[in-house]
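**Q** Here you go, sequence then predicted model.
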Amino acid sequence: MVESVDEMTEGYKKALKQILMVSADTELMSAPAYYEQSLNAPSLDARASCVSVIQDELGHGHIAYRLLEDLGEDREDLIFNREPNEFRNTYGFDQHIDNFAELVCAHGLFDRAGITLLGDIHENTSYAPWKRALTKVSKEEQFHLRHGETWMRRLANKNESTKEKVQEAVDWMFPIALEWFGLPDDKKRHDDQLDYRIKGKSNDELRQDWMDRTIPFLTEIDIEFPAHYDEDADEYVIDYEFPVAFDEENKEWRFDEPISWDDVIDRWRARGPANEKYVNMIQSGKVDVMPQ
């Protein structure tokens with residue numbers, strides 16, 4: 001186990017900072033993404049749970065930025081002085097969350113993706129400070145997931161109108177969650193995070209873990225998704241040529257329009273339609289203390 005910067009090679013430090021930056025930015029930017037629709041929760045209990053999720057996510061972001069500070073980064077600079085397009089959160093939190101059904105589906109699908117990634121790191125990482133910190137994070141993320149799945153089930157079973165809202169949310173979130181885990185293994189030229197044992201599983205293994213847990217739940221609540229179980233391969237298989245183009249304005253996937261992973265990376269780097277708004281919401285919270 002690696003405890004401090006003094007024990008790291010430059011390669012290890014660079015690989016660790018890259019994954020920590022994505023984690024920190026993703027946790028932080030989930031808070032403004034979740035905020036508006038949390039206020040539209042249908043009951044006081046639901047609103048309290050949604051606000052609790054936001055509080056947790058801000059805390060998780062703080063943990064990751066604090067670890068980055070130990071690696072020589074300036075936490076204040078990372079949060080308040082970067083331009084919106086310089087943030088490295090996953091693409092799902094650059095989209096507008098437009099209703100309560102989308103919010104709880106984000107808890108159910110995106111937080112499941114976060115649990116899949118961070119759970120693997122918690123179990124396998126060689127960086128001891130992060131391993132210890134993730135004990136708290138993992139417990140809280142399980143609450144987010146339970147909240148999301150409970151409400152997804154409730155809405156899917158209530159009536160056709162609310163079920164359709166869940167289906168519409170899953171239609172655009174499911175493929176984004178598949179992209180969440182990054183390039184397919186055969187497209188990666190190297191994987192320092194695996195080589196240095198910062199994480200334990202490859203992108204495709206993590207993607208399969210996410211489907212192993214998500215698809216049975218969606219099947220249970222009778223929500224459609226673009227994948228199926230292949231008995232010969234003994235795994236879930238995506239029903240379209242992965243990846244495909246995304247119409248971010250209408251939140252629609254063009255399944256008949258395959259693209260390259262270079263195109264996907266360009267989309268990620270350009271950020272999504274809510275990126276500037278959400279970063280501004282975070283950065284507007286900075287308080288400048290005037291010297292006495």
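**A** Alright, I've got the coordinates.

**Q** Where do the helices of the stretch 1-150 of the chain begin and end?
**A** 10-38, 44-70, 75-80, 100-124, 128-158 (DSSP state H, counting those that start in this stretch).

**Q** And for residue 95, the neighbour number?
**A** Using other Cβ atoms under 10 Å, residue 95 is surrounded by 21 other residues. Just so you know, the C-beta spots here come from the backbone N, C-alpha and C atoms, and that holds for glycine as well.

**Q** out of everything not next to it in sequence, what's closest to it?
**A** Sequence neighbours aside, residue 272 is the residue nearest to residue 95 in space, at 5.3 Å (criterion: Cβ to Cβ, 6 or more residues apart in numbering).

**Q** now residue 140
**A** residue 56 is the one closest to residue 140 (Cβ to Cβ, 6+ apart), at 4.4 Å.

**Q** measure that neighbour to residue 179 for me?
**A** Per Cβ to Cβ, to the nearest Å, residue 56 is found 24 Å from residue 179.

**Q** now residue 8
**A** Counting by Cβ to Cβ, the gap from residue 8 to residue 179 is 30 Å.

**Q** Which of the two has more residues huddled nearby?
**A** Of the pair residue 8 and residue 179, residue 179 is the one with more neighbours under other Cβ under 10 Å, namely 20 against 17.

**Q** Now for that one: which residues touch it?
**A** Going by Cβ atoms under 8 Å, 6 or more residues apart in numbering, residue 179 touches 91, 243, 264.

**Q** Can you pull the phi/psi pair for residue 244?
**A** The phi and psi values for residue 244, taken as degrees, to the nearest 10, are phi -130, psi 170.

**Q** Model confidence at it, what's the number?
**A** Model confidence at residue 244, given as pLDDT, is 97.

**Q** hang on, it packs against residue 261?
**A** No - Residue 244 is not in contact with residue 261 according to Cβ atoms under 8 Å; the separation is 11.4 Å.

**Q** ok, the two, which is more surrounded?
**A** residue 244 (18 against 15).

**Q** Identify the bridge partners of that one.
**A** Beta bridges link residue 244 to residue 258, judged by DSSP bridges.

**Q** OK, contacts around it?
**A** Residue 244 touches 175, 253, 254, 255, 256, 257, 258, 259, counting by Cβ under 8 Å, 6+ apart.

**Q** what's stretch 12-21 in contact with?
**A** 2, 5, 8, 64, 67-68, 71, 73, 78, 88, 121, 127, 130, 192-193, 195-196, 198-199.

**Q** if we go to 10 Å?
**A** 2, 5, 7-9, 63-68, 70-73, 78, 87-89, 117, 121, 125-127, 130, 190-199 (Cβ atoms under 10 Å, 6 or more residues apart in numbering).

**Q** same deal with stretch 193-200?
**A** Counting by Cβ under 10 Å, 6+ apart, 1-2, 8-9, 11-16, 18-20, 117-127, 130, 185, 188, 191-192, 201-203, 205-206 sit against stretch 193-200.
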